[in-house]
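# Give me coordinates for this.
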Amino acid sequence: MVRLNRPPEDADLALMNGAGGPLMAVLWKDGTADAALSPVPSEAVDEGRSAEGVLTAPFDVVAYAGPVTVDGYERLSDLLESQKRHCDVLLILETAGGDPDAAFRMARALGFHYRRVHALIPRHCKSAGTLIALGASALYMDDRSELGPLDMQVSRGDEIGAMSSSLEQSTAASMLLAQYMDAFKISLADMCDFGLSTKVASEIAANLAAKLIRPLAEQVDPHRMAEMHRAVSIAHAYGQRLAERGGNIGQEALAELVSNYPSHSFVIDRKEARSLFRRVWPVQEPFRSIARRYGAWLSAGAQSVFPVVSLQSFPFDLKDCSDDQDHAAL
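Here you go, the predicted structure:
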């Protein structure tokens, strides 16, 4: 611990690299610097940080809250073109998801403007939000943070405003196939027990199984199934391209995100995320203070119909980190 010899309101905090790993340093507003404070805990430098490296000041902070939309992409692009100052960026995401096309454009824009993109997930980052996070080379997740599967939602034709999972039809088809096979096996075994030949028994069992599931199979719309398949293909294709840029997830893990989770709302917490992504780190200083600075702003934006976007430069004065702080945003 270092005793400060000037008022704290004249100082900013920033990360610096030291022999023992990343350290906290005091940067005075006149440009001078004091000795480093206590080292960042060892957990903060494990799991691949030595290869990718934690973000060190200065870097930009882009915060995005609300639905992922084309309008959100346009707002983000305007800020990047007019206010970008540094080579690296910390992206803070709070979203329930939205348009996968817009998500892809947003991640591409960040990758174009910045050398390194790291993503901080304070609470919820679902669906299309997770797609954006694939473009980041590292994730910071807290105890309450959660990502979601890349389960794109498709509008239901029979209900205005209602959405359904892109995996719904394929799941139904898999269930029908499983029921057909179970019915066929049971019927075949019963026929063979009566002394019928395998050929005759299999023909009878196949007819019985088909009649059993036909009422259900007739409710499957092949055009709807094709639409669902396209939605899954879009998520996977976008994910592949963003994963190449971020380098934080492999192809097998990406396939799991797209199709191996049972529900759209499935919680992918930090522990689960570490089984998918290569670099998932706990939220420690100064990132915890940065997240706290945006707390109320993110919560309000997440409840809004329209997205809000903010771009600021770090280091900023962490003594003012509070939930009610105002932010210049579009």
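# which residues does Gly111 contact?
Val117, Gly135, Leu242, Arg245, Gly246 (CB atoms under 8 Å, 6 or more residues apart in numbering). Bear in mind the C-beta positions are built from the backbone N, C-alpha and C, glycine included.
# Show me which positions of stretch 102-112 end up buried.
Ala102, Ala103, Phe104, Arg105, Met106, Ala107, Arg108, Ala109, Leu110, Gly111 (16 or more other CB atoms under 10 Å).
# Return the alpha-carbon coordinates of it using CSV.
The C-alpha trace of stretch 102-112 is given here as CSV (Å, rounded to 0.1, in the frame of the first residue of the first chain):
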residue,chain,number,x,y,z
ALA,A,102,-27.1,-5.8,-36.6
ALA,A,103,-25.0,-7.7,-34.0
PHE,A,104,-22.6,-8.9,-36.7
ARG,A,105,-22.2,-5.3,-38.1
MET,A,106,-21.6,-4.0,-34.6
ALA,A,107,-18.9,-6.6,-33.8
ARG,A,108,-17.3,-6.0,-37.2
ALA,A,109,-17.3,-2.2,-36.7
LEU,A,110,-15.5,-2.6,-33.3
GLY,A,111,-13.0,-5.0,-34.8
PHE,A,112,-12.3,-2.5,-37.6
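# Serialize the contacts of Gly111 to TSV and add fields for pLDDT.
Shown next, in TSV, are those (pLDDT from 0 to 100):
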residue	pLDDT
Val117	97
Gly135	96
Leu242	96
Arg245	93
Gly246	94
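# Just the buried residues of stretch 102-112: which are in helices?
The helices, defined by DSSP state H, take in Ala102, Ala103, Phe104, Arg105, Met106, Ala107, Arg108, Ala109, Leu110, Gly111 from the buried residues of stretch 102-112.
# doesn't Ala235 make contact with the second one?
No: assessed by CB atoms under 8 Å, Ala103 is found out of contact with Ala235, at 9.5 Å.
# okay, now Gly98: neighbour count?
22 (other CB atoms under 10 Å).
# Now the common contact residues for Ala103 and Ala235.
Joint contacts of Ala103 and Ala235 (CB under 8 Å, 6+ apart) are Leu131.
# which ones are touching the closest residue to Phe287 other than its chain neighbours?
Counting by CB to CB, 6 or more residues apart in numbering, Phe287 lies nearest to Tyr140, which is 5.4 Å off, once chain neighbours are set aside. Counting by CB under 8 Å, 6+ apart, Tyr140 touches His118, Ala119, Leu120, Ile121, Trp281, Pro282, Val283, Phe287.
# sec struct for Tyr140, please.
strand (DSSP: H, G, I helix; E, B strand; the rest coil).
# Out of the contacts of Tyr140, name the ones that lie in strands.
If you go by DSSP state E, those have His118, Ala119, Leu120, Ile121, Trp281, Pro282 in strands.
# How much space separates the last one from Ile132?
Distance, Pro282 to Ile132, by CB to CB, to the nearest Å: 21 Å.
# do the fifth one as well
Counting by CB to CB, the separation of Trp281 from Ile132 is 18 Å.
# just the fourth one next, same as before
Between Ile121 and Ile132 the distance is 11 Å, computed by CB to CB.
# got any residues that touch both of those two?
Leu93.
# Let's have the ones in strands among the contacts of Tyr140 in TSV, adding distance to Glu256 and neighbour count.
Shown next, in TSV, are these (distance: CB to CB, whole Å; neighbours: other CB atoms under 10 Å):
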residue	distance to Glu256	neighbour count
His118	22	26
Ala119	19	28
Leu120	23	28
Ile121	18	29
Trp281	21	23
Pro282	23	17
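# So which of those residues is the closest to Arg270?
Pro282 (7.3 Å; CB to CB).
# So for the closest one, what pLDDT did the model give?
What the model reports as pLDDT for Pro282 is 95.
# For it, list each beta-bridge partner.
On the basis of DSSP bridges, Pro282 takes part in beta bridges with Met141.
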